[in-house]
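**Q** no sequence for this one, just the structure:
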Ligand SMILES: O=C(O)c1cc(C(=O)O)c2c(n1)C(=O)C(=O)c1cc(C(=O)O)[nH]c1-2
Ligand SMILES: [Ca+2]
């Protein structure tokens with residue numbers, strides 16, 4: 001019965017027809033390459049809107065929609081699932097898992113969700129507060145729910161899309177900025193019963209190791225760092241792909257917790273399996289091999305970016321590879337049967353390593369680990385973040401957004417272990433645990449965002465398109481020789497896959513961070529994108545004045561639907577007139593950094609993202625700041641309640657910083 005779709009076999013079979021978009025990365029290999037050709041280089045200029053759908057959310061939208069049997073399953077912020085009829089754009093049902101809004105601060109990077117998995121008539125969503133929920137695809141009713149969090153005293157979250165491999169629904173967590181131990185868990189897709197859990201980093205060495213892979217990993221950590229108290233990190237918050245023939249699944253693991261390598265593991269060491277690609281048996285969770293991309297991670301260099309499986313001809317020989325462009329700025333080609341390193345080449349300028357030796361080991365740059373102020377290139381936002389990569393076997397090119405977001409880092413010498421909270425330490429008063437300080441001195445590197453077409457065989461760039469800002473959306477490649485990408489400055493664009501020539505573009509209601517998908521219904525090919533500005537950069541920064549709530553836009557050839565009215569960002573006037581004591585500004589700065597910075601940005605300097613910049617809000621808000629920080633009205637929208645975390649005097653100092661900064665940046669009046 002069609003209701004019990006898709007299956008593992010139907011996802012494989014769909015690779016040839018491309019009629020559906022049945023799994024997160026289109027196929028098990030995660031290629032995001034559709035064989036559909038109705039929309040091509042020759043006619044893409046005739047794309048027009050077929051319908052739009054209001055996701056009813058104002059925060060970041062990161063979902064890749066799943067399309068099966070004429071129904072789109074897509075998530076909005078707060079892990080809310082929507083089922084939409086793809087011919088009409090009308091809602092079939094929506095499911096709100098009711099994430100407690102006051103827990104938003106436990107997520108480092110906005111209240112986002114990257115989408116659902118659909119398998120045999122069930123829809124699976126991971127919720128921001130760490131639950132895995134199975135929903136009936138037809139009715140939208142909850143079937144079962146599992147708590148994936150093993151320790152509720154730690155701020156574990158879920159932002160990633162579950163995947164179903166070998167009848168198991170598999171999900172990891174986020175939380176490595178705060179201090180958690182990474183793992184992934186598999187549940188029986190039908191019943192929800194837990195099948196296995198694989199940890200990415202070892203636990204307390206005085207206790208038995210869970211398996212041989214943990215015993216091996218523990219040798220690469222220094223117990224003097226008591227990493228098990230801070231969790232160690234290595235969260236699996238995004239990519240998982242699957243090779244049914246090899247019966248191997250591949251995951252990317254996250255950064256160390258804390259970020260600072262020397263605090264985590266004072267004598268050094270690689271700290272396995274942080275920042276690695278790991279191959280596991282999907283039926284049992286058994287570790288098979290790993291390749292570590294950033295040994296001894298020190299910069300939040302997560303390796304969770306989209307993995308893609310491909311068969312390449314290298315030196316005349318066919319090789320089964322996994323390709324990867326993680327935060328650390330290198331494009332990797334790894335043998336996916338054995339884990340053997342094949343090649344790595346930087347796709348942006350980097351200053352943390354001189355490159356990789358023949359064994360796949362990076363050659364260190366000592367200054368990058370000195371703990372002295374360092375303009376980390378790439379910085380913690382990554383040379384490529386979670387924004388999806390695609391790979392076209394037709395052009396032999398991988399397409400992904402590369403970027404630089406400058407940040408100057410140094411060691412935080414006052415860090416004392418999990419829970420260290422100090423004014424000046426980024427977001428430490430709501431639980432961030434970095435052991436790294438952000439310096440106020442301006443980094444020397446320059447921000448950029450570009451779409452790269454990368455040849456994995458030659459390990460070189462084929463073409464690029466320079467965007468106006470970093471933080472652009474993920475990509476889709478099609479056999480119509482097209483690459484689609486949404487942009488930070490609120491466009492959906494189509495490029496010639498061979499040359500990068502811009503062939504079509506449409507304005508979007510907001511900056512776009514998610515990836516487009518394509519599918520065919522009743523002989524017509526559609527292209528859909530879920531647009532909603534946000535994510536870690538988009539909470540406090542923007543590159544577009546469009547500020548429309550989350551929307552799915554669906555295009556087809558000669559589509560004639562009208563674009564919904566776009567909402568404009570209300571810039572507001574630079575704050576003035578709030579009374580403050582200038583002597584408070586310095587302490588207020590440190591308090592702002594440890595409580596407000598990553599959500600609200602620098603007052604009067606940043607323009608606000610999906611959250612307001614406090615240098616441009618109405619004076620009333622800052623004059624009455626205590627009413628907003630102490631169990632104020634915005635807790636229902638996700639703002640933390642600072643009761644018990646800040647004193648009334650602290651709030652006065654933060655006010656001084658906000659108004660003082662606005663005054664400092666105000667251009668002189670004539
Ligand atoms: O270490 C982690 O557990 C973790 C989790 C997440 C997340 O779950 O969204 C992000 C990050 N790290 C991260 O480093 C990062 O740059 C990031 C960006 C985003 C986003 O959605 O825009 N999430 C995350
Ligand atoms: Ca991280």
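**A** Sure, I can see it. Predicted model, so just to flag it, every value in this text is computed and none were measured. Ligands and ions are numbered 1, 2, ... in the order given.

**Q** Surely residue 282 and residue 168 touch.
**A** Yes. Between residue 282 and residue 168 there is a contact at 6.1 Å, judged by C-beta atoms under 8 Å. Glycine gets a C-beta too; all of them are placed from N, C-alpha and C.

**Q** any common contacting residues for those two?
**A** residue 186 (C-beta atoms under 8 Å, 6 or more residues apart in numbering).

**Q** For the stretch 401-550 of the chain, give me the ranges with low pLDDT.
**A** Applying pLDDT under 70 to the stretch 401-550 of the chain flags no residue at all.

**Q** In it, what residue lies closest to ligand 1?
**A** Nearest residue of the stretch 401-550 of the chain to ligand 1, counting by C-beta to the nearest ligand atom: residue 535, 2.6 Å away.

**Q** contacting residues for that residue?
**A** Counting by C-beta under 8 Å, 6+ apart, residue 535 has contacts 60, 62, 109, 110, 112, 385, 386, 471, 513.

**Q** cutoff 6 Å now
**A** 60, 109, 110, 112, 513 (C-beta atoms under 6 Å, 6 or more residues apart in numbering).

**Q** Helix, strand, or coil at the third one?
**A** Spelled out, it's residue 110. coil (DSSP: H, G, I helix; E, B strand; the rest coil).

**Q** Next one: residue 599 from ligand 1, what distance?
**A** Separation of residue 599 from ligand 1 (C-beta to the nearest ligand atom, to the nearest Å) stands at 13 Å.

**Q** Wait, that residue touches residue 541, no?
**A** No. Residue 599 lies out of contact with residue 541 (C-beta atoms under 6 Å); the separation is 11.3 Å.

**Q** Quick one: name the residues of the stretch 201-350 of the chain near ligand 1.
**A** 235, 237, 254, 255, 300, 302 (C-beta under 6 Å from any ligand atom).

**Q** what would those residues look like in JSON lines with pLDDT?
**A** Below are these laid out as JSON lines (pLDDT from 0 to 100):
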{"residue": "235", "pLDDT": "98"}
{"residue": "237", "pLDDT": "98"}
{"residue": "254", "pLDDT": "98"}
{"residue": "255", "pLDDT": "98"}
{"residue": "300", "pLDDT": "97"}
{"residue": "302", "pLDDT": "97"}
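
**Q** So which bits of the protein are right by ligand 2?
**A** 176, 255, 300, 302 (C-beta under 5 Å from the ion).

**Q** Mind doing that once more with 6 Å?
**A** Those residues of the chain that sit near ligand 2, judged by C-beta under 6 Å from the ion, are 176, 177, 254, 255, 300, 302.

**Q** Show me the one in these that has more neighbours than the rest.
**A** residue 176 (34 neighbours; other C-beta atoms under 10 Å).

**Q** The residues of the chain next to ligand 2 in strands, which ones?
**A** Using DSSP state E, the subset of the residues of the chain next to ligand 2 located in strands is empty.

**Q** OK, now which residue of the stretch 451-600 of the chain is nearest to ligand 2?
**A** Of all residues in the stretch 451-600 of the chain, the one sitting closest to ligand 2 is residue 536 (8.8 Å; C-beta to the ion).

**Q** what element comes up after the helix or strand hosting that residue heading to the C-terminus?
**A** Assigned by DSSP states H and E, residue 536 belongs to helix 535-538. Downstream of helix 535-538, the first helix or strand assigned by DSSP H and E is strand 551-557.

**Q** which other helices and strands contact the helix or strand just after that following strand?
**A** From strand 551-557 onward toward the C-terminus, using DSSP H and E, the following helix or strand is helix 585-595. In terms of contacts (3 or more C-beta pairs under 6 Å, 6 or more residues apart in numbering; DSSP states H and E), helix 585-595 is packed against helix 648-665.

**Q** what's the nearest residue to the residue of the stretch 401-550 of the chain closest to ligand 1 if we skip its chain neighbours?
**A** Closest residue to residue 535 apart from its sequence neighbours, by C-beta to C-beta, 6 or more residues apart in numbering: residue 60 at 4.7 Å.

**Q** Tell me, how many residues neighbour that neighbour?
**A** Using other C-beta under 10 Å: residue 60 sits among 29 other residues.

**Q** quick one: it and residue 110 touch, right?
**A** Yes. Using C-beta under 6 Å, residue 60 is in contact with residue 110, at 4.2 Å.

**Q** Show me the common contact partners of these two, please.
**A** Both residue 60 and residue 110 are in contact with 534, 535, where contact means C-beta under 6 Å, 6+ apart.

**Q** Surely residue 429 is within a helix?
**A** Yes. Per three-state DSSP, residue 429 lies within a helix segment.

**Q** Does it touch residue 595 like I think?
**A** Yes. In this structure residue 429 lies within contact range of residue 595 using C-beta under 6 Å: 4.8 Å.

**Q** Tell me which of the two has more neighbours.
**A** Between residue 429 and residue 595, counted using other C-beta under 10 Å, the more crowded position is residue 595 (26 against 21).

**Q** how about the residues of this structure near ligand 1?
**A** The chain comes close to ligand 1 at residues 62, 108-110, 112, 157, 159, 174-177, 235, 237, 254-255, 300, 302, 385-386, 535-536, as judged by C-beta under 6 Å from any ligand atom.

**Q** In the stretch 301-450 of the chain, which residue sits closest to ligand 2?
**A** Using C-beta to the ion, the closest approach of the stretch 301-450 of the chain to ligand 2 is made by residue 302 at 5.0 Å.

**Q** mind listing what the nearest residue to that residue once chain neighbours are set aside touches?
**A** Spatial nearest neighbour of residue 302, chain neighbours left out: residue 254 (4.2 Å); criterion: C-beta to C-beta, 6+ apart. The neighbours of residue 254, taking C-beta under 6 Å, 6+ apart as the test, are 176, 233, 234, 235, 302, 304.

**Q** quick one, helices of this structure?
**A** For the chain, the helices defined by DSSP state H occupy 8-17, 212-218, 227-230, 261-264, 535-538, 585-595, 597-600, 619-623, 625-629, 648-665.

**Q** Just put these in a markdown table and tack on distance to residue 492.
**A** Formatted as a markdown table, the helices of the chain follow (distance: least, C-beta to C-beta, whole Å):
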| stretch | distance to residue 492 |
| --- | --- |
| helix 8-17 | 24 |
| helix 212-218 | 42 |
| helix 227-230 | 41 |
| helix 261-264 | 40 |
| helix 535-538 | 16 |
| helix 585-595 | 36 |
| helix 597-600 | 27 |
| helix 619-623 | 34 |
| helix 625-629 | 36 |
| helix 648-665 | 34 |
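
**Q** Smallest gap between the stretch 251-400 of the chain and ligand 1, at which residue?
**A** residue 254 (4.1 Å).

**Q** now that residue: how far from residue 593?
**A** Between residue 254 and residue 593 the distance is 23 Å, computed by C-beta to C-beta, to the nearest Å.

**Q** same question, residue 657
**A** 9 Å.

**Q** same question, residue 345
**A** Separation of residue 345 from residue 593 (C-beta to C-beta) stands at 36 Å.

**Q** and these two? which has more neighbours close in?
**A** residue 593 (23 against 18).

**Q** tell me the contacts of that one?
**A** Applying C-beta under 6 Å, 6+ apart, the residues contacting residue 593 are 424, 426.

**Q** now swap in residue 378 and tell me
**A** Here residue 378 is in contact with residue 329 (criterion: C-beta under 6 Å, 6+ apart).

**Q** For it, give me the pLDDT.
**A** For residue 378, the model assigns a pLDDT of 97.
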